[in-house]
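[1] got a predicted structure plus its sequence, pasted below:
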Amino acid sequence: DVPGLIHSLGFDLFNIPSEMMWKYTRWVHNSAGLNLVATSGKAKTLEARGFTNVAIWDRGINTTRFSPSLRTRAMRQRMLGDLPDD
């Protein structure tokens, strides 16, 4: 949300209206093959403003694949050698 950020920081570049900043930002991003956002709320906001190719980047950890329950002493030794636990 470049236009919103610029406004919230008080850097309204050359007094360019917010809608013009959105138009420019949309033009730049719609040229991309993919626009990643962190939340579904941000995706909805951008899509409502005409942005295309918007996808949520799930930045979390796959807890099925990476879980404390899968921890083994052998893997810890393999990965960290003789480093202490703390």
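    Right, received. Where do you want to start?
[2] where does pLDDT dip in the chain?
    Counting by pLDDT under 70, the chain has low-confidence residues at 1-3, 5-16.
[3] spatially central residue in it, please.
    Ala38 (3.8 Å; C-alpha atoms, centre = their mean).
[4] now do that one against Ala74, distance only.
    The gap separating Ala38 from Ala74 is 36 Å, by C-beta to C-beta, to the nearest Å. To be clear about C-beta, it is placed using only N, CA and C from the backbone, and glycine gets the same treatment.
[5] kindly report the same for Thr64.
    Distance from Thr64 to Ala74, counting by C-beta to C-beta: 21 Å.
[6] tell me where this structure has strands.
    35-37, 54-56 (DSSP state E).
[7] what are the buried residues along stretch 33-52?
    Within stretch 33-52, the residues that qualify as buried by neighbour count (16 or more other C-beta atoms under 10 Å) are 35, 37, 42-43, 46, 51.
[8] so how far is the first residue of that stretch from its last?
    Using C-alpha to C-alpha, to the nearest Å, the span of stretch 33-52 from its first residue to its last is 9 Å.
[9] got a list of contacts for that stretch?
    Defining contact as C-beta atoms under 8 Å, 6 or more residues apart in numbering, one finds that stretch 33-52 is touched by 1, 22, 26, 29-30, 53-57, 59.
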